[in-house]
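1. Based on what follows, work out the 3D shape:
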Amino acid sequence: MIEIRIAEILRSGEPDESVKVQGWVRTKREQKGFAFIEVNDGSSMAGLQVVVSENVPDYENFLKKVNTGASVEVSGVLVASPAKGQRIELKADSVTVYGEADPETYPLQKKRHSFEFLRTIGHLRSRTNSFGAVFRVRNACATAIHEFFQERGFLWVHTPIITASDCEGAGELFSVTGFNLKDVPRNDKQEVDYTKDFFGKPTYLTVSGQLEAEVMAMAFSNVYTFGPTFRAENSNTSRHLAEFWMVEPEMAFCDLKGDMDLAEAFLKHIFKYVMEKCPEDMEFFNQRIDNTVLATAENIINNQFERITYTEAVKLLEKADVKFEYPVSWGSDLQSEHERYLCEQLFQKPTIVTNYPAKIKAFYMRLDDDEQTVSAMDILAPKIGEIIGGSQREERLDVLERRVIAQGMKPEDLWWYLDLRRFGTVPHAGFGLGFERVVQFMTGMGNIRDVIPFPRAPLSADF
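-> The predicted structure is shown next:
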């Protein structure tokens, strides 16, 4: 007798096979002399129907214990199912109940629960159809990301979670300290004496692995990071998390065009992979969450992305027959409503906007010849706005030093980053993808807290 996942049984199991399955009970229906239970092990949207007859040992005691939420092990023989909508079912020879679930107190019963309610029971919500589908898609997305880069010879690098640099310069950092906060040492000026802290200087949870990835790209040419990042932004929106995962490739000997080409191919690959590996889950999202999910995926896979400059985008927005909440003017950052108008209404497909004003972009982005714009690019996706942000990096030492100073930063704090321009500098580029953003976009889920198992947000750090 073989132990097998339910997804494989539903896909390729044949009558007369002896199998053993383990999982959790979704439903139980009692008939005279036998009972139907649906068992799900998380491997697929659908569960496996198990037929348990009164001939099974300890049948009466089993019926009392096996309620929704109980964990079971079932051994038996697969048989063709006469029921509509299922090809095969399991006729049980023996059943073991590992853990009971009291139907009076178990919070997940056979009804639709709101996502708001399910966030209050985050330790159990993964057992529902919606979250089972979300996390299978999330897993497929992660697999697709690694496959994409590994097939192209990229090196996966693990950049530090604890860092002394603020890559984005926005100051939204979580501090890391070994101090006893009830007795923080101070110097003669009554300032915090960081020389006595664990690292001897102020340190933080990283907001990006990009700068360290650039270090590795200067030795391995093509690298990528995929790991957790943190923002201490007090934002209670459906699009923000305090802890989230980022994918950040960096490519030596690469310019802005190469950066855009890779980012477009990257998004197409992820969507194609998920559509192939998780068709049932994607169909579920299309039926239950957002009826444009499948069309959006096909749009990304099958269309060339639109490419326009920031200056062209501003002109198009100024001409738009739409009243925006935020006015549009050259030099100001595009708001989500502007981004969505461009990709949803005007072009009706993903849109890459390039060459943003230097004053609204980070210090490391390459200054264009006009010295007014930088070689940056954002990919805007329907329904969500910016999904990828990237740029060609500034490889010229003198220009980079000037940009660092202009943004109020100290060159000596970035001595190692500037060294990359002193010793064997090359044109290079990269981009960042917020992993949860792409999962949210792909599934149509309305709140980003529902596409990560354990969301971290203001006043929310359970588990």
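
2. so where's the chain uncertain?
-> Flagging of the chain using pLDDT under 70 yields the residue ranges 1, 167-171.

3. which residue ranges form the helices in it?
-> Along the chain, the segments classed as helices by DSSP state H run 6-12, 59-65, 115-119, 129-151, 210-220, 256-277, 279-288, 293-302, 310-319, 336-340, 397-406, 415-422, 435-443.

4. now the angle from the last one to helix 256-277?
-> Put simply, helix 435-443 runs at 50 degrees to helix 256-277, going by axes from the mean of the first three to the mean of the last three C-alpha atoms, to 10 degrees.

5. Please identify the pairing partners of the longest strand that the chain contains and their relative orientation?
-> For the chain, the longest strand by residue count, based on DSSP state E, is strand 18-31. Within its sheet, and counting by DSSP bridges, strand 18-31 is paired with strand 2-3 (parallel), strand 34-40 (antiparallel), strand 71-80 (antiparallel).

6. The ones you listed into a markdown table, with extra columns for distance to Glu14?
-> Every residue, glycine included, has its C-beta placed from N, CA and C. Below are these laid out as a markdown table (distance: least, C-beta to C-beta, whole Å):
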| stretch | distance to Glu14 |
| --- | --- |
| strand 2-3 | 12 |
| strand 34-40 | 19 |
| strand 71-80 | 7 |
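
7. Leu316: which of the ones you listed is closest?
-> strand 34-40 (48.7 Å; C-beta to C-beta).

8. Enumerate the positions of that closest one that are buried.
-> Using 16 or more other C-beta atoms under 10 Å as the test for burial, strand 34-40 gives 34-35, 37-40.

9. what's the answer for stretch 315-335, then?
-> For stretch 315-335, using 16+ other C-beta under 10 Å, the buried residues are 316-317, 328, 334-335.

10. which among the residues you listed gets closest to Met445?
-> Lowest distance from Met445 to these (C-beta to C-beta) belongs to Gln335, with 22.2 Å.

11. that older thread, so which bits of the longest strand of the chain are buried?
-> For strand 18-31, a neighbour-count test (16+ other C-beta under 10 Å) marks 19-26, 28 as buried.

12. what would these look like in JSON lines with distance to Pro455?
-> Below are these laid out as JSON lines (distance: C-beta to C-beta, whole Å):
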{"residue": "Val19", "distance to Pro455": "37"}
{"residue": "Lys20", "distance to Pro455": "35"}
{"residue": "Val21", "distance to Pro455": "31"}
{"residue": "Gln22", "distance to Pro455": "29"}
{"residue": "Gly23", "distance to Pro455": "26"}
{"residue": "Trp24", "distance to Pro455": "23"}
{"residue": "Val25", "distance to Pro455": "27"}
{"residue": "Arg26", "distance to Pro455": "25"}
{"residue": "Lys28", "distance to Pro455": "32"}
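
13. before we move on, the earlier item: out of the helices of the chain, which gets nearest to Tyr98?
-> helix 59-65 (9.9 Å).

14. Would you mind writing the CA trace of the closest one as PDB?
-> C-alpha atoms of helix 59-65 as PDB (Å, rounded to 0.1, in the frame of the first residue of the first chain):
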ATOM      1  CA  TYR A  59     -17.300   2.400  13.000                       C
ATOM      2  CA  GLU A  60     -19.600   4.000  15.600                       C
ATOM      3  CA  ASN A  61     -16.800   5.500  17.600                       C
ATOM      4  CA  PHE A  62     -15.200   6.800  14.400                       C
ATOM      5  CA  LEU A  63     -18.500   8.600  13.400                       C
ATOM      6  CA  LYS A  64     -18.400  10.500  16.700                       C
ATOM      7  CA  LYS A  65     -14.800  11.600  16.300                       C
END
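
15. And it, how far out from the chain middle?
-> For helix 59-65, the separation from the chain centroid amounts to 42 Å (computed by C-alpha atoms, centre = their mean, to the nearest Å).

16. got the contact list for it?
-> With contacts defined as C-beta atoms under 8 Å, 6 or more residues apart in numbering, helix 59-65 is touched by 28, 30, 35, 52-53, 56, 95, 97, 100.

17. Same check on stretch 155-165?
-> 146, 149-150, 176, 199, 201-206, 209, 211-213, 216, 220, 222-228, 413-414, 417.

18. returning to what we had before: Ala295: which of the buried residues of strand 18-31 is nearest?
-> Closest approach between the buried residues of strand 18-31 and Ala295, by C-beta to C-beta: Arg26, at 29.9 Å.
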